[in-house]
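Participant: sequence and predicted model, in that order:
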Amino acid sequence: MRDAARREERLRARGIDPYSAALASSAAGEAAFAEPRRRRSIKRTLLLAVLILLIGVAVGAILLWQRVSAFNETVSTAPTTSSALFFPLGGDERVNVVLFGYGGVEHRGGSYLADSIQIISIDPATDTTTMIPIPRDLWVEGNPAISDNGKINEAFAIGYQAGGIEEAARFTTSVLSELTGLELQHWLAIDFSGFRAMVDAVGGVTVVNPTAFSYTWDEASFHAGNFTGGTFEQGELHLAGQAALDYSRSRYTSIPAESSDFARSVRQQRVLSSLRSKLGDGGVASIGPGLRMMDALAGRMLTDLSAIDLFLLSGHLNPDRRIEMTEGVILEATSNTIGQYILVVIGRASSTDYAPLHEFVRAELARPIPTQAPAPSQVP
């Protein structure tokens, strides 16, 4: 004790508070002890944050998969976990999918005639897509299931009577294979209400309409020049679901060139391309529009592709080119025995000979797709 007292006196004689040094030493020791504890606390916090994030991602993935599975159950004949396109889209052979549009129960008169038929032909080797619209007036002869012969759009109705939408799509796809010479592997069918709901689900579509035209739904009004359905102006148009459907379907128009099936198929392609752009590039931002579109299509579409395949196919809705079965080139207009307007194949050896059409499609698909020239350099 005396030694401690003498030490304190010596420190005070030198002007040093003996307790300040002790306190500083004590504080330094406490700080040195607290620093590892703080580091351990930060690590625990970071690990907890990562764990919470992983749990959130896992839960989100499970919920998303449940939504996808529920959607798949309502629209597809294939299991949710299957994929018929994954490996073929990475192969060497063409992948061909037929898209059917039809009226459905809300469309009085011709509810199950195919209103629109388009073949998506994907070349995996070049990663390019060709759209082949099929005129619904293309005449079909020689098929025993169409006993009185008929237009290709009637094949859909014949199939429907035999077994509903699935059989309508399957049967018409098989007939199309015979007519075009293509191996058509898959199909997708959507009714008018589904098309309308799909467009509304993504907030409408924007198209550029090069030619203004008015339209009517009544043939008598068309011949009388009364276009009471409405008008689509020239330029950029933002279309909600019903307007997009009308734009895609109008065939009695004030402009003769816009009244053909060829013009309708071009307008339909504009709408499909705009829909594709609304889905984004497939990243996180695409989840919202994709889910809204799935909700809109549930029960309004049927396909033999799974939901996974539909996602893969969606990247090919904006084609690199179109092949038109143009009148005067491969098809010619005539009338059937009851006076209906029909389209038949030019150069056929008989009424059931579709070999010229096979050769036309094959030759057109074999043509290289021109690559877009790079933009000129802006460097002076």
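Facilitator: Done, it's in. Residues are numbered from 1 along each chain as shown.
Participant: tell me if I'm right that Leu305 and Pro79 touch.
Facilitator: No. With contacts counted by CB atoms under 8 Å, Leu305 stays clear of Pro79, the gap being 11.1 Å. Glycine gets a C-beta too; all of them are placed from N, C-alpha and C.
Participant: looking at these two, which has the bigger crowd around it?
Facilitator: Set side by side, Leu305 and Pro79 show more neighbours around Leu305, with 24 against 13, by other CB atoms under 10 Å.
Participant: how close does the more buried one get to Ile369?
Facilitator: Per CB to CB, to the nearest Å, Leu305 is found 25 Å from Ile369.
Participant: ok, Phe156 next?
Facilitator: To Ile369, Phe156 is 30 Å away according to CB to CB.
Participant: neighbour count for these two, which is higher?
Facilitator: Comparing Phe156 with Ile369 by other CB under 10 Å, the one with more neighbours is Phe156, at 27 against 14.
Participant: so that one is in which element?
Facilitator: According to DSSP states H and E, Phe156 maps onto helix 152-180.
Participant: how about that helix: buried residues?
Facilitator: Residues of helix 152-180 classed as buried by neighbour count (16 or more other CB atoms under 10 Å): 152-160, 165-166, 168-173, 175-176, 179-180.
Participant: and the strands in the stretch 1-150 of the chain, which stretches?
Facilitator: Secondary structure of the stretch 1-150 of the chain (DSSP state E, counting those that start in this stretch): strands located at 95-102, 114-123, 128-133, 139-140, 150-151.
Participant: for Ile338, find the nearest of those strands.
Facilitator: strand 150-151 (11.0 Å; CB to CB).
Participant: His316 and Met198, how far apart?
Facilitator: For His316 relative to Met198 (CB to CB), the value is 17 Å.
Participant: neighbour-wise, which of the two wins?
Facilitator: Met198 (25 against 21).
Participant: I'd like the next helix or strand past the helix holding Phe156.
Facilitator: Per DSSP H and E, the helix or strand that comes after helix 152-180 is strand 186-191.
Participant: that following strand: partners in the sheet, and parallel or antiparallel?
Facilitator: strand 95-102 (parallel), strand 301-303 (antiparallel) (DSSP bridges).
Participant: redo these as JSON lines? Include mean pLDDT.
Facilitator: Formatted as JSON lines, those follow (pLDDT from 0 to 100):
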{"stretch": "strand 95-102", "mean pLDDT": "96"}
{"stretch": "strand 301-303", "mean pLDDT": "94"}
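Participant: quick one, helices of the stretch 1-150 of the chain?
Facilitator: 2-13, 18-75 (DSSP state H, counting those that start in this stretch).
Participant: cool, the stretch 201-350 of the chain as well?
Facilitator: For the stretch 201-350 of the chain, the helices defined by DSSP H, counting those that start in this stretch cover 219-224, 241-249, 261-278, 287-297, 307-314.
Participant: among those, show the one with the smallest mean pLDDT.
Facilitator: Lowest mean pLDDT of the helices of the stretch 201-350 of the chain: helix 287-297, a mean of 78.
Participant: and it, what does it pack against?
Facilitator: helix 18-75, helix 192-201 (3 or more CB pairs under 8 Å, 6 or more residues apart in numbering; DSSP states H and E).
Participant: where does the stretch 101-250 of the chain have low pLDDT?
Facilitator: 107-111 (pLDDT under 70).
Participant: what do you get if the cut-off is 90, keeping everything else the same?
Facilitator: Residues of the stretch 101-250 of the chain meeting the criterion pLDDT under 90: 103-112, 147-148, 202, 218-219, 223.
Participant: count of residues packed around Asp218?
Facilitator: When counting by other CB under 10 Å, one arrives at 13 neighbours for Asp218.
Participant: I'd say it and Phe227 touch.
Facilitator: No. Under the criterion of CB under 8 Å, Asp218 makes no contact with Phe227, lying 9.9 Å away.
Participant: quick check: neighbours shared by those two?
Facilitator: Here Asp218 and Phe227 have Tyr252 as joint contacts, going by CB atoms under 8 Å, 6 or more residues apart in numbering.
Participant: check contacts around the closest residue to Asp295 other than its chain neighbours.
Facilitator: The shortest distance from Asp295 to any non-neighbouring residue, by CB to CB, 6 or more residues apart in numbering, is to Ala201 (6.8 Å). Applying CB under 8 Å, 6+ apart, we find Ala201 in contact with Pro289, Arg292, Met293, Asp295, Ala296.
Participant: which segments of this protein make up each domain?
Facilitator: For the chain, automatic domain parsing gives the domain ranges 2-54, 85-202+279-366.
Participant: just those: most buried one?
Facilitator: Sort the domains of the chain by mean neighbour count, taking mean count of other CB atoms under 10 Å, and domain 85-202+279-366 sits at the top with a mean of 18.
Participant: now do that domain: distance to the chain's middle.
Facilitator: Between the centre of domain 85-202+279-366 and the centre of its chain there are 14 Å (CA atoms, centre = their mean, to the nearest Å).
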